[in-house]
Structure formats: C-alpha cells, structure tokens
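In: model this:
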Amino acid sequence: QVLLAESGGGLVPAGGSLRLSCVVSKSTNDRYAMGWFRQAPGKEREFVASISRNGDIANYADIAQGRFTISRDNIKNTVYLQIDNLGPADTAIYYCAARGSSYYSPSSSRADYGSWGQGTQVTVSS
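Out: Next up is the predicted model:
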C-alpha cells in the first residue's frame, strides 16, 4: 500500500516560485515512478511532469517546459515539483501520483497511476 501526501501549496503573487513536496509512505522498500498532475476549476486533470524510479528520466508536459522541475530524494521518500515564474494560469490543485512498483519509467497518462494524494492548492494572484 502506498500513501501520498502533498504539501507546499499556497497563495503566491504572479512571478513567484513554489516547491511542492510529495511524501511517499509505503510498507516495503519498493520505489515508484511518480507523476505530478494538476486540475484547475472546471477543467480536466492534466499531466504536468513525471520521473522514473531512480530519477534518471523526467518527462514534462508542454505547459511545464522551462518553468517546472521534477526531482526526487529516495532517501527521504519524497518527490518535488519546483515551479518558477508562476502565473494565474497555474492556479490549480496539484496532485502527485505513483505507478505500480513493477514500472520503472514515468508516464504522462493518468490511467497508468494507481495511487493518488489528496492534492495541494496553488493559487496565483495577478
């Protein structure tokens, strides 16, 4: 069983930065490929970034290129999403998700993730 807990969201002015964290609680030493998604009010949940089990492969959505950085610390069982130069369009609930332990590579598909956190709200003021 994998439990995910996001934190680090908040209200920030446009142009600011945030680092979101996702702590992975698990009962084994398995590692998981992880992803970040976001959902704005009235919109579908969309892919933002993903990272492989060992952190050597990272994929980004077009919307995330250049401003978002995904990383992980497997000692701390934590995955991070650094977001720079925030704009109002980044306002959303940000969710982290874990793939099954048999998968090494990251994925941009929601259907490939079996465990989800509760999300952390990011609000950007203009």
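
In: and the most centrally placed residue in the chain, which of the three is it?
Out: Taking C-alpha atoms, centre = their mean as the criterion, residue 36 is the residue nearest the geometric centre of the chain, at 2.4 Å. Recorded secondary structure, residue 36: strand (DSSP: H, G, I helix; E, B strand; the rest coil).

In: since we're on residue 11, how many residues are nearby?
Out: The number of residues packed near residue 11 is 11, by other C-beta atoms under 10 Å. Placement of C-beta: from N, CA and C, glycine included.

In: Not counting residues beside it along the chain, what's closest to it?
Out: residue 123 (4.7 Å; C-beta to C-beta, 6 or more residues apart in numbering).

In: show me what contacts the residue lying closest to residue 120 once chain neighbours are set aside?
Out: The shortest distance from residue 120 to any non-neighbouring residue, by C-beta to C-beta, 6+ apart, is to residue 9 (3.5 Å). Taking C-beta atoms under 8 Å, 6 or more residues apart in numbering as the criterion, residue 9 is in contact with 18, 20, 93, 94, 120, 121, 122, 123.
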